[in-house]
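Novice: missing the sequence, but the structure's below:
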Ligand SMILES: Cc1cc2nc3c(=O)[nH]c(=O)nc-3n(C[C@H](O)[C@H](O)[C@H](O)COP(=O)(O)O)c2cc1C
């Protein structure tokens with residue numbers, strides 16, 4: 001199945017993470033709901049579940065390397081305000097946002113649905129922006145990556 005590729009941000013109890021992510025889709029128009037499937041053994045699962053929120057950052061097509069960089073729990077740094085080597089800032093939900101993102105949204109979790117080895121977190125969009133609307137965004141087919149399809 002064709003899919004996008006994003007960085008999913010999460011935070012809880014002083015720990016935060018960005019994770020390469022592809023299983024995301026909008027599931028309601030009013031209110032705006034977005035569902036993300038997160039594997040149960042991922043750090044991101046714990047942080048989204050406990051923090052009750054997530055961010056979804058849309059990558060620029062030239063930022064393919066970032067999709068490779070966030071497939072393991074991200075370490076703080078190396079510089080101040082950085083996470084896993086990328087500049088981030090904290091969104092209104094507390095989840096990290098990639099400063100270089102072409103666009104991003106933030107959601108508060110409204111529902112959790114268990115499904116196989118992933119949990120579907122359904123979140124309501126509470127904030128979003130597209131700082132560079134004209135930027136071509138990264139899609140799975142722009143990379144040599146895949147995710148269990
Ligand atoms: C192209 C690609 C897409 C991915 N999509 C998802 C996804 O939709 N959901 C998910 O839970 N993990 C996905 N992963 C796996 C995560 O990036 C990560 O390896 C793993 O879940 C551990 O995340 P953690 O840092 O939260 O522990 C994907 C990995 C790749 C390379």
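Specialist: Yep, it's here. Please read all numbers here as calculations on a predicted model, not as lab measurements. Numbering: from 1, shown residues only.

Novice: so residue 3 sits against residue 36, correct?
Specialist: No. At 11.9 Å, residue 3 does not count as touching residue 36 under the criterion of Cβ atoms under 8 Å. Every residue, glycine included, has its C-beta placed from N, CA and C.

Novice: between these two, which contacts overlap?
Specialist: Common contacts of residue 3 and residue 36 (Cβ atoms under 8 Å, 6 or more residues apart in numbering): residue 23.

Novice: ok, those two, which is more surrounded?
Specialist: Taking neighbours as other Cβ atoms under 10 Å, residue 3 and residue 36 compare with residue 36 leading, 25 against 16.

Novice: pLDDT score for that one?
Specialist: Listed pLDDT for residue 36 reads 98.

Novice: so it bridges to which residues?
Specialist: Here residue 36 sits in beta bridges with residue 24, residue 121, as judged by DSSP bridges.

Novice: if I look at it, how far off is residue 80?
Specialist: Residue 36 is 29 Å from residue 80, where distance means Cβ to Cβ, to the nearest Å.

Novice: same thing with residue 52?
Specialist: Residue 52 is 27 Å from residue 80, by Cβ to Cβ.

Novice: which one of the two has more residues nearby?
Specialist: residue 52 (18 against 7).

Novice: ok, for the more buried one, nearest residue in space, not its chain neighbours?
Specialist: In space, and not counting its chain neighbours, residue 52 is closest to residue 109: 4.8 Å by Cβ to Cβ, 6 or more residues apart in numbering.

Novice: list the contacts of whatever helix or strand that neighbour lives in.
Specialist: Assigned by DSSP states H and E, residue 109 belongs to strand 103-115. Contacts of strand 103-115 with the rest of the structure, by Cβ under 8 Å, 6+ apart, involve 33-34, 37, 48-49, 52-58, 91-93, 95, 97-98, 119-133, 137.

Novice: so what secondary structure elements neighbour the helix ranked longest in the chain?
Specialist: Longest helix in the chain, counting residues (DSSP state H): helix 43-51. With contacts defined as 3 or more Cβ pairs under 8 Å, 6 or more residues apart in numbering; DSSP states H and E, the packing partners of helix 43-51 are strand 6-12, strand 15-21, strand 33-39, strand 103-115, strand 118-129.

Novice: returning to what we had before: the strand holding residue 109 to strand 6-12, inter-axis angle?
Specialist: With axes from the mean of the first three to the mean of the last three Cα atoms, to 10 degrees applied, the angle from strand 103-115 to strand 6-12 works out at 70 degrees.
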